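**Student:** What follows is a predicted structure for the sequence shown.
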Amino acid sequence: ACTVGRLLMTLLVMNDVRKVRCAHPLRITSRIDMCDPWRMSSHRDADLVFTGSIPELYERYLVPLIFQPYADDLAARVSARAPDAILEIAAGTGVVTRAVASALPQSSAITATDLNQPMIDHAAALGTARPVTWRQADAMDLPFPDRSFDVVICQFGAMFFPDRVAAYSEMRRVLRPGGAAIFNVWDRIERNEFALAVTDGVGTLFPEDPPRFLVRTPYAYHDTDRIRRDVLAAGFSESSTVDSVAARSRAASCTFPAIGFCQGSPLRGEIESRGPGRLEEATSVAADVVRDRFGDTDVDGEIRAHVVTALES
């Protein structure tokens, strides 16, 4: 059986990042599409909630499973620009913050922000290799003067912005001339196999109203043409680029992705609202689907994201 107990005894997560081709310049295309079902959805506020035990479980399970390789990728991109001042948006529990703090010299000032104070509190408690300024902030209305930073970074936060062009415009506002906003978003859920397996599994418990948080929000903003339009609409340079980056997500047990997504993300709230007291059952069903597709132990799935380097002219 695929058990949490064995997971906790044998956990070993490994991630190998490999870049795949797609480093093409952004081009101005048609007028930006403002029709976004998520922006008008009653789920929007719930999708932004990372409270209670979610920050701890997010850090314990999702960070090593899917976020660490992309944090290392962003840190390398930031380090190559040798910035003096860095702003991080949607820092979460600080996986990118820690990677950047380790990669940059002490002379580089790092300010890390998140909309959710519990995530910032958890990140600050975990600490970094060198001093970091932690602050609660809304990406839609950044509390910083114009031209304050050389680089703005954001890991898997853009999918949650209610108005992405406005958020990108805020990034551009606080950038100094020649600066860059570097951020990533997930590719479609079919290219992120554990997330798809968990979604499929949990859906079988609630066939009349399946929880769709992962499809609706984290894995919904994957169209590179749309991303290009949004970035350029915010005023960034046509020389800005998008790279697609693939990685392998590995864990010792099939329960690991199930716990991470079902209990360490806002998917938890959707499960609990549909079936009070059924969170453990949903997690078990999700683990069974992961096991059926990837095995009981030493599970290995594809993950894939798009990384944007938006250049301020």
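**Tutor:** Yes, it's here. Numbering: from 1, shown residues only.

**Student:** switch to C-alpha atoms for all contacts and neighbour counts from now on
**Tutor:** Noted.

**Student:** Would you map the helices across the protein?
**Tutor:** Counting by DSSP state H, one finds helices in the chain at the ranges 4-10, 37-40, 44-47, 54-57, 68-80, 95-103, 117-126, 164-174, 193-203, 213-216, 224-233, 255-263, 267-274, 279-294.

**Student:** and the longest one, C-alpha only, in CSV?
**Tutor:** Only the C-alpha atoms of helix 279-294 are listed here, as CSV (Å, rounded to 0.1, in the frame of the first residue of the first chain):
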residue,chain,number,x,y,z
LEU,A,279,-9.9,15.6,2.9
GLU,A,280,-8.0,12.4,3.9
GLU,A,281,-10.2,10.4,1.6
ALA,A,282,-9.6,12.7,-1.3
THR,A,283,-5.9,12.6,-0.6
SER,A,284,-5.9,8.8,-0.6
VAL,A,285,-7.9,8.7,-3.9
ALA,A,286,-5.4,11.1,-5.5
ALA,A,287,-2.5,9.0,-4.3
ASP,A,288,-4.1,5.9,-5.8
VAL,A,289,-4.3,7.6,-9.2
VAL,A,290,-0.6,8.7,-8.9
ARG,A,291,0.3,5.1,-8.0
ASP,A,292,-1.7,3.7,-11.0
ARG,A,293,0.1,6.0,-13.4
PHE,A,294,3.6,6.2,-11.9
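
**Student:** picking that back up, who wins for proximity to Glu312 among the helices of the chain?
**Tutor:** Nearest to Glu312, of all the helices of the chain, is helix 164-174, at 6.7 Å by CA to CA.

**Student:** picking that back up, ranking the helices of the chain by burial, who's on top?
**Tutor:** helix 255-263 (a mean of 27; mean count of other CA atoms under 10 Å).

**Student:** Tell me the helices and strands packed up against that one.
**Tutor:** Other elements packing on helix 255-263 under the criterion 3 or more CA pairs under 8 Å, 6 or more residues apart in numbering; DSSP states H and E are helix 4-10, helix 54-57, helix 193-203, helix 267-274, helix 279-294.

**Student:** Switch the helices of the chain over to CSV; also include mean pLDDT and distance to Ile86.
**Tutor:** Conversion of the helices of the chain to CSV gives the following (pLDDT from 0 to 100; distance: least, CA to CA, whole Å):
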stretch, mean pLDDT, distance to Ile86
helix 4-10, 38, 36
helix 37-40, 44, 29
helix 44-47, 53, 27
helix 54-57, 91, 23
helix 68-80, 98, 9
helix 95-103, 98, 9
helix 117-126, 94, 17
helix 164-174, 98, 10
helix 193-203, 98, 31
helix 213-216, 96, 29
helix 224-233, 97, 19
helix 255-263, 98, 29
helix 267-274, 96, 31
helix 279-294, 98, 38
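
**Student:** Quick one: those helices as CSV, columns for distance to Val152 too.
**Tutor:** Shown next, in CSV, are the helices of the chain (distance: least, CA to CA, whole Å):
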stretch, distance to Val152
helix 4-10, 36
helix 37-40, 24
helix 44-47, 23
helix 54-57, 23
helix 68-80, 9
helix 95-103, 12
helix 117-126, 17
helix 164-174, 7
helix 193-203, 27
helix 213-216, 25
helix 224-233, 14
helix 255-263, 27
helix 267-274, 28
helix 279-294, 36
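
**Student:** out of these, which comes closest to Met140?
**Tutor:** helix 164-174 (5.0 Å).

**Student:** from the chain's centre, how far out does the closest one sit?
**Tutor:** When C-alpha coordinates are averaged (CA atoms, centre = their mean, to the nearest Å), helix 164-174 and its chain have centres 18 Å apart.

**Student:** So what touches that helix?
**Tutor:** Outside helix 164-174, the residues within contact range by CA atoms under 8 Å, 6 or more residues apart in numbering are 139-142, 144-149, 152, 158, 161, 181, 230-231, 233-236, 312.

**Student:** rewinding a little: need the helices and strands packed on helix 255-263 in CSV with distance to Ala305, can you?
**Tutor:** Putting the helices and strands packed on helix 255-263 into CSV (distance: least, CA to CA, whole Å) gives the following:
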stretch, distance to Ala305
helix 4-10, 27
helix 54-57, 22
helix 193-203, 12
helix 267-274, 20
helix 279-294, 21
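
**Student:** Many thanks, we can stop here.
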